[in-house]
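Visitor: predicted model, plus sequence, below.
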Amino acid sequence: MGVAFGRLSPTPAYHSIQRYCIEHRDCWENISGLNVETPGGVAIECSGGIQIVDLSPDLGDDGIQIFLNGVVSPSYAELFPHHLEAYRKQFQE
């Protein structure tokens, strides 16, 4: 199961769900209709949902993280080939 996470750089559209993400940061609930796209506009399908942990009231915009749980399509290998290569290298002699 491919899981990806990182800092979320919020756009103006994020503000419509930000309060929800702040209120549910300790007990995550899936947000119906939320989707993530590649910079090229391709939707990323996640079997485990998309989670946003927003600690911005305490840490500012640097405190917002996004988690893609169960990356299905495009494949994790297609989206993050550098991560897979680094993973494989750690087991080589």
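Guide: Happy to help now that I have it.
Visitor: for this structure, which strand is longest?
Guide: Scanning the chain for the longest strand, with DSSP state E as the assignment, gives strand 64-73.
Visitor: for that strand, which strands pair with it and how are they oriented?
Guide: For strand 64-73, the paired strands and their directions (DSSP bridges) are strand 2-7 (antiparallel), strand 43-46 (antiparallel), strand 50-54 (antiparallel).
Visitor: so which bits of it are buried?
Guide: Within strand 64-73, the residues that qualify as buried are Ile64, Ile66, Phe67, Leu68, Asn69, Val71, counting by 16 or more other CB atoms under 10 Å. C-beta: built from backbone N, CA, C; applies to glycine.
Visitor: can I assume the second one is in contact with Ile50?
Guide: Yes - taking contacts as CB atoms under 8 Å, Ile66 lies within contact range of Ile50: 6.9 Å.
Visitor: residues shared between the contacts of these two?
Guide: By the contact definition CB atoms under 8 Å, 6 or more residues apart in numbering, Ile66 and Ile50 are jointly contacted by Val36.
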